[in-house]
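Asker: Predicted model and sequence follow; I will ask about them next.
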Amino acid sequence: MAEAEVFNLVYSSSATVYGEPQFLPLTESHPTGNCTNPYGKTKYFTEEILKDLCTADDRWRVISLRYFNPVGAHKSGKIGEDPNGIPNNLMPFISQVAIGRRDKLLVYGDDYDTVDGTGVRDYIHIVDLAEGHVKALDKFRTGSIKGFAAFNLGTGQGYSVLEMVKAFEKASGRPVKYEIVARRPGDVGTSYADPTLAMKQLAWKAKRGINEMCEDTWRWQNNNPNGFAKL
Ligand SMILES: O=c1ccn([C@@H]2O[C@H](COP(=O)(O)OP(=O)(O)O[C@H]3O[C@H](CO)[C@@H](O)[C@H](O)[C@H]3O)[C@@H](O)[C@H]2O)c(=O)[nH]1
């Protein structure tokens, strides 16, 4: 990038840099680095390297976007999430149960200190997330950013696994069978964002709620029962 004299970088970071939350909602000033999984560590280390880069050379400007839990699909029903193999993440798994590709969802733990005992996350519509990137680019254009800056991209609202299951059943009109099993190692109980900083400094706010997230996911899944695979 330096050779091409490109010194502006939008980095795809993750809420996992915060590790087990010390307070909620998570603000950008929450300590980072005490991650509960290796993926989180890679995001944390990369942020640290980018901070050093900005300190060492003031031509660099980096906006690190800390994604919470991206879900949903494009309204057209043509672009959606089709993970390879068995999905690791909740939403594609639920969606594949609803379409009949998988028998049931395994719910990882119902003994967290949450509304119904299942894990709580800040799910964010993928199009809201995309708009966050456009706002980050605008910020470079207005020139009002120096060095490294991190922003949470989340809605500020947490939903439990079972609340997501219910919302998906409503959006799809299909039952989503599930079974409660043990906690998944490395999972935290609750995580949700304080998105105020992005609102103030990037003029960005998530606009799409849980129903729209589920409806858009379902439209894509229903149009593409086998994902993007050519049968
Ligand atoms: O089959 C499943 C999958 C997930 N969950 C639960 O659903 C919630 C969400 O899980 P998941 O969709 O896997 O997201 P996270 O574990 O929160 O991790 C996501 O969100 C992080 C940001 O917070 C990103 O860094 C990660 O890449 C991304 O996978 C958690 O409570 C899980 O325990 C289940 O109960 N069953």
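Answerer: Looks like it arrived, so ask away. Residues are numbered from 1 along each chain as shown.
Asker: Taking this protein, what residue is nearest to the ligand?
Answerer: Scanning the chain for the residue nearest the ligand gives residue 119, at 2.2 Å (criterion: CB to the nearest ligand atom). The way it works is simple: take the backbone N, C-alpha and C, and place the C-beta from them, glycine included.
Asker: Can you verify my assumption that that residue contacts residue 110?
Answerer: No - shown here, residue 119 and residue 110 do not form a contact pair, counting by CB atoms under 8 Å, at 9.2 Å.
Asker: sorry, back to before: show me what contacts the residue of the chain closest to the ligand?
Answerer: If a contact means CB atoms under 8 Å, 6 or more residues apart in numbering, then residue 119 has 108, 109, 112, 160, 161, 187, 188, 189, 190 as its contacts.
Asker: run the last query once more with 7 Å
Answerer: 108, 109, 112, 160, 161, 187, 189 (CB atoms under 7 Å, 6 or more residues apart in numbering).
Asker: got it, and residue 37?
Answerer: For residue 37, counting by CB under 7 Å, 6+ apart, the contacting residues are 16, 186.
Asker: ok, back up a step: now, which of the contacts of residue 119 lie within strands?
Answerer: Within these, residues falling in strands by DSSP state E are 108, 160.
Asker: what's the lowest-pLDDT member of the contacts of residue 119?
Answerer: When the contacts of residue 119 are sorted by pLDDT, the bottom entry is residue 187 at 93.
Asker: who touches the strand or helix carrying residue 212?
Answerer: Secondary structure assignment for residue 212, by DSSP states H and E: helix 210-223. By CB under 7 Å, 6+ apart, the list of residues contacting helix 210-223 from outside reads 71-73, 75, 77, 80, 91, 95, 98-99, 123, 125, 159, 167-168, 171-172.
Asker: how about that helix, does it get close to the ligand?
Answerer: No - applying CB under 6 Å from any ligand atom, one finds helix 210-223 separated from the ligand by no less than 12.4 Å.
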